[in-house]
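>>> For reference, the sequence and a predicted model appear below.
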Amino acid sequence: MAESFSVTRRFFDDKNYPRGFARHGDYTIKESQALEQYGQAFKALDSGERAPVTEEEKAFVAFCKGERQPETFFEKTWNKYRTLTSTTKRVYTLSGVVADNLEEMSNAD
């Protein structure tokens, strides 16, 4: 029987995590290790580049397609990665709020 999520190389995301997953602080040590060790498989299964072989991989693909909620540790870790690296990141700053308030205050004079 084939091993689930088998890969030949480690997964790195130099764009979002140039110092590695573990050094960034978004992930636990266990999550960082899972992403490095199995991330290539997660990514390939998620994108459809790789067909699922085992039942675990088939369930993972179903989660990736949105057919069910993440249940396993691997699914939850990949879901966290996808959420944190999505292109619609929200950045909260105080500068915009402060600038708006200053403008309103100067107009009130």
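Here it is on my side, so go on. Numbers count the residues shown, from 1 in each chain.
>>> From now on I want contacts and neighbour counts done on CA atoms only, so please keep to that.
Fine.
>>> Below-threshold pLDDT in the protein: ranges please.
Within the chain, the ranges that satisfy pLDDT under 70 run 1-2, 87-109.
>>> tell me, what residue is most central in it?
Y81 (1.2 Å; Cα atoms, centre = their mean).
>>> Contacts for the helix or strand hosting it next, please.
For Y81, the host element (DSSP states H and E) is helix 73-85. With Cα atoms under 8 Å, 6 or more residues apart in numbering as the test, helix 73-85 has contacts from 16, 31, 34-35, 39, 42, 60, 63, 70.
>>> one more time with 7 Å, if that's ok
Helix 73-85 is contacted from outside by 16, 31, 60, 70, using Cα atoms under 7 Å, 6 or more residues apart in numbering.
>>> try stretch 42-60
With Cα under 7 Å, 6+ apart, stretch 42-60 has contacts from 2, 4-5, 61, 64, 75.
>>> ok so, going back, show me which positions of the helix holding Y81 end up buried.
Within helix 73-85, the residues scored as buried using 16 or more other Cα atoms under 10 Å are 74-75, 77-81.
>>> And the lengthiest helix in the chain, what's buried?
Secondary structure of the chain per DSSP state H: the longest helix is helix 29-47. For helix 29-47, burial by neighbour count (16+ other Cα under 10 Å) applies to 31-43, 45-46.
>>> wait, which of those residues is closest to H24?
Checking these against H24 with Cα to Cα, the nearest one is S32 at 9.6 Å.
>>> before we move on, back to that, ok and the helix holding Y81 relative to helix 29-47, angle-wise?
Helix 73-85 runs at 80 degrees relative to helix 29-47, counting by axes from the mean of the first three to the mean of the last three Cα atoms, to 10 degrees.
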